[in-house]
Structures are given as structure tokens and as C-alpha cells.
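Enquirer: give me a 3D structure for the following:
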Amino acid sequence: MALVRLFCTPEEFGGIRGVPAADVPQPARQLLDHRSHMTVAMERFHGGPVHLRVVGRADDQEAAEDAAWYAREILLESPPGRVVQHGIVRIDLRSVDPRTAREIRDGRRPLGRILIDAGILREVHAVSLLEIAPGPHLAGLFGKATARAAPVYGRVADILLNGRPAVELLEVVAPQA
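Expert: As a prediction, this is how the structure comes out:
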């Protein structure tokens with residue numbers, strides 16, 4: 001998976017396989033099987049704002065045709081600092097205005113919340129659900145709860161911004177502690 005390779009090897013990340021929605025247990029299914037932003041789903045599920053922690057960044061500055069692509073690996077946390085989601089996002093910053101691009105690069109707020117607040121027309125599509133057997137990289141980010149909760153569940157999707165393909169994402173719901 002290209003997004004994973006931006007931050008670790010597929011073996012370090014873990015085994016990934018596509019699964020039908022019926023094979024995803026609750027509450028992961030309710031958090032993943034929709035065409036909305038995960039930020040909104042997580043805020044609704046956890047009863048308030050989630051906070052962003054950026055754990056890695058990647059820029060494709062070497063490739064002239066991709067110079068505007070920016071990627072980050074993140075954790076979303078629900079107070080009091082409990083990890084609720086892992087994510088990797090790659091976005092074409094040419095699809096947003098310069099102010100929004102700067103805010104995305106600043107890494108202080110979740111991408112979904114930034115796009116919503118900027119009033120950018122967005123459409124989540126091509127959602128596919130995943131079952132993941134966490135490897136050392138993902139397990140390390142999730143912490144102790146992962147060993148007791150394997151497998152974990154996630155999704156891949158694309159987001160159109162103002163009608164243009166602009167975002168690729170991988171989102172994984174953290175195991176329940």
C-alpha cells in the first residue's frame with residue numbers, strides 16, 4: 001500500500017486485507033462504514049473534539065510534478081490523551097487555497113475539521129473496509145491495548161475537493177482499551 005510505504009514498510013505496519021462491512025464488528029463498523037469525515041464520526045462517537053498528534057510527515061518535493069503533495073501520519077486522541085484513531089493522509093495542496101494549505105502543514109487540527117471550517121466542497125468516495133493484523137509500527141503507535149485487541153479495522157478512501165481528486169487516506173480505529 002503506497003500510503004503505508006511513506007512511513008514504514010508494509011511488514012512493519014501489519015497485514016492488511018479487504019473485508020465486507022458485515023465482517024467489521026461494532027463500534028468499528030459504525031466509525032468506518034460511511035462517506036463522511038472520520039473527524040466528524042470520532043467527535044460524535046467520543047462526545048467532543050478530538051486532538052491531532054502528527055507522528056510523521058512526508059513531502060514529495062523531489063518530484064516536480066508532485067511538488068504540491070504533502071502527507072502525514074497522525075493519531076487522533078480523545079481527552080485525556082487516549083488514542084482513538086491512526087491515519088495516513090496524502091493531499092494535493094494545489095486543491096486548497098494557500099491559507100488552508102498552511103494550516104494543513106501546521107499540523108494542529110485534523111484535516112477533516114480544517115476542510116469543513118474552510119467551506120471546501122468535499123466528497124468522500126471509494127471507501128473500502130480493512131482488517132489489519134498490526135505489525136510493530138502500528139502496534140507501537142496504539143500501545144498496550146493492541147496486543148489484546150488484534151485485529152483492528154480501518155478503511156481506505158479518496159476525497160474529492162471541489163470536484164477534483166485531491167486526498168488519499170488510510171484510517172484505522174484504535175482498539176478499545
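Enquirer: can you give me the strands for this structure?
Expert: Per DSSP state E, the chain carries strands over the ranges 14-18, 51-59, 69-78, 82-92, 122-134, 152-161, 164-173.
Enquirer: out of the ones you listed, nearest to residue 35?
Expert: Judged by Cβ to Cβ, the one of the strands of the chain that comes nearest to residue 35 is strand 122-134, at 4.5 Å. Where C-beta positions appear, they are placed from N, C-alpha and C, glycine not excepted.
Enquirer: the closest one - what's its average pLDDT?
Expert: For strand 122-134, mean pLDDT is 93.
Enquirer: next, the buried residues of that strand.
Expert: Across strand 122-134, burial judged by 16 or more other Cβ atoms under 10 Å covers 122, 124, 127, 129-132, 134.
Enquirer: also stretch 43-61?
Expert: Buried positions in stretch 43-61, judged by neighbour count with 16+ other Cβ under 10 Å: 43, 46, 50, 52, 55, 58-60.
Enquirer: what do you get for stretch 160-177?
Expert: 160-161, 166-175.
Enquirer: ok, back up a step: including distance to residue 103, could the strands of the chain go into a markdown table?
Expert: Shown next, in a markdown table, are those (distance: least, Cβ to Cβ, whole Å):
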| stretch | distance to residue 103 |
| --- | --- |
| strand 14-18 | 30 |
| strand 51-59 | 11 |
| strand 69-78 | 12 |
| strand 82-92 | 12 |
| strand 122-134 | 15 |
| strand 152-161 | 14 |
| strand 164-173 | 15 |
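Enquirer: who wins for proximity to residue 108 among these?
Expert: Per Cβ to Cβ, nearest to residue 108 of the strands of the chain: strand 51-59, 6.6 Å.
Enquirer: now the angle from that closest one to strand 82-92?
Expert: Angle of strand 51-59 versus strand 82-92, following axes from the mean of the first three to the mean of the last three Cα atoms, to 10 degrees, is 30 degrees.
Enquirer: strand 51-59 versus strand 69-78: what angle between them?
Expert: If you take the same axes, to 10 degrees, strand 51-59 sits at 160 degrees to strand 69-78.
Enquirer: now strand 51-59: how far from the chain's centre is it?
Expert: From the chain centre to the centre of strand 51-59 is a distance of 10 Å (Cα atoms, centre = their mean, to the nearest Å).
Enquirer: which regions of the protein lie under the pLDDT threshold?
Expert: Confidence mapping of the chain against pLDDT under 70 gives the ranges 60-67, 144-149, 177.
Enquirer: if we use 90, what do you get?
Expert: 1, 35-40, 58-69, 78-82, 112, 120-123, 125-126, 143-150, 162-163, 175-177 (pLDDT under 90).
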